[in-house]
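[1] no sequence on this one, just coordinates:
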């Protein structure tokens, strides 16, 4: 019993620590994902090709699949194939892995399933969370990915953000409390609202890339549930009709 009591007390002591650790996580901004908005997905595809494919690949996605977004083969070829690729090829980068390792210290990951592994909200917050930091190799840092090796490729659109640190004294405990806030130090080509829309289109497309059949899968899932519900009603009526004379 003494051993069990010690285990219970140890677990009870860990509960506040675990609660603090979970509460210390950065709150993510909600990504306005709408996979039915084909115009947004088309804009996101353009942004992805212009900015992401320079270093990253999406090798599990083929350009031809973009026809599901309402694009014709001619539109895909004229607007999204920038390095002589063919419509049937996968979305890969021309950047050599050794060069990428030398430039960034790490090979940029494939983005095919990033939206599923990290989450759309994480991506949305990440792309809006870059700020200037002279202490890093690239001169940039990120709120959700500290000391990230990736530079801010969209800085011309967003501008330069800086981390504003404010220190206040708690009137009750007397402890110093720091608060951190991103502040736009130099505006970019886009207004903050326009940049948020630009990023939301990009994240929308990356969410689509992670599972292109997602909308169809959900639609068929709903149809199957309706079918099973109707079939259950028919089965119940048939059962009642079959057993009415037995009662």
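    Sure, I can see it. Small disclaimer: the values here were computed from a predicted structure and weren't measured.
[2] which residues of this protein fall in strands?
    Read by DSSP state E, the chain holds these strands, from start to end of the chain: 58-62, 90-91, 130-132, 140-142, 159-169, 176-187.
[3] is it possible to export those strands to CSV including mean neighbour count?
    C-beta coordinates here come from the backbone N, C-alpha and C atoms, glycine included. Converted to CSV, the strands of the chain look like this (neighbours: other Cβ atoms under 10 Å):
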stretch, mean neighbour count
strand 58-62, 18
strand 90-91, 20
strand 130-132, 20
strand 140-142, 20
strand 159-169, 13
strand 176-187, 11
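[4] need these in JSON lines with distance to residue 228, can you?
    Converted to JSON lines, those look like this (distance: least, Cβ to Cβ, whole Å):
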{"stretch": "strand 58-62", "distance to residue 228": "32"}
{"stretch": "strand 90-91", "distance to residue 228": "37"}
{"stretch": "strand 130-132", "distance to residue 228": "47"}
{"stretch": "strand 140-142", "distance to residue 228": "46"}
{"stretch": "strand 159-169", "distance to residue 228": "51"}
{"stretch": "strand 176-187", "distance to residue 228": "49"}
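[5] can you tell which of those is closest to residue 234?
    strand 58-62 (41.3 Å; Cβ to Cβ).
[6] Output the contacting helices and strands for that closest one.
    The criterion is 3 or more Cβ pairs under 8 Å, 6 or more residues apart in numbering; DSSP states H and E, and the helices and strands that strand 58-62 contacts are strand 90-91, helix 192-210.
[7] how close does residue 206 get to residue 78?
    Counting by Cβ to Cβ, to the nearest Å, the gap from residue 206 to residue 78 is 22 Å.
[8] coming back round to it: let me know which of the strands of the chain is the nearest to residue 41.
    Closest to residue 41 of the strands of the chain is strand 58-62 (Cβ to Cβ; 12.4 Å).
[9] I'd like to check the angle between the closest one and helix 192-210, please.
    Orientation note: strand 58-62 sits at an angle of 80 degrees relative to helix 192-210 (axes from the mean of the first three to the mean of the last three Cα atoms, to 10 degrees).
[10] What pairs with strand 58-62, parallel or antiparallel?
    On the basis of DSSP bridges, the sheet neighbours of strand 58-62 come out as strand 90-91 (antiparallel).
[11] residue ranges with poor pLDDT in the chain?
    Within the chain, the ranges that satisfy pLDDT under 70 run 1-25, 247.
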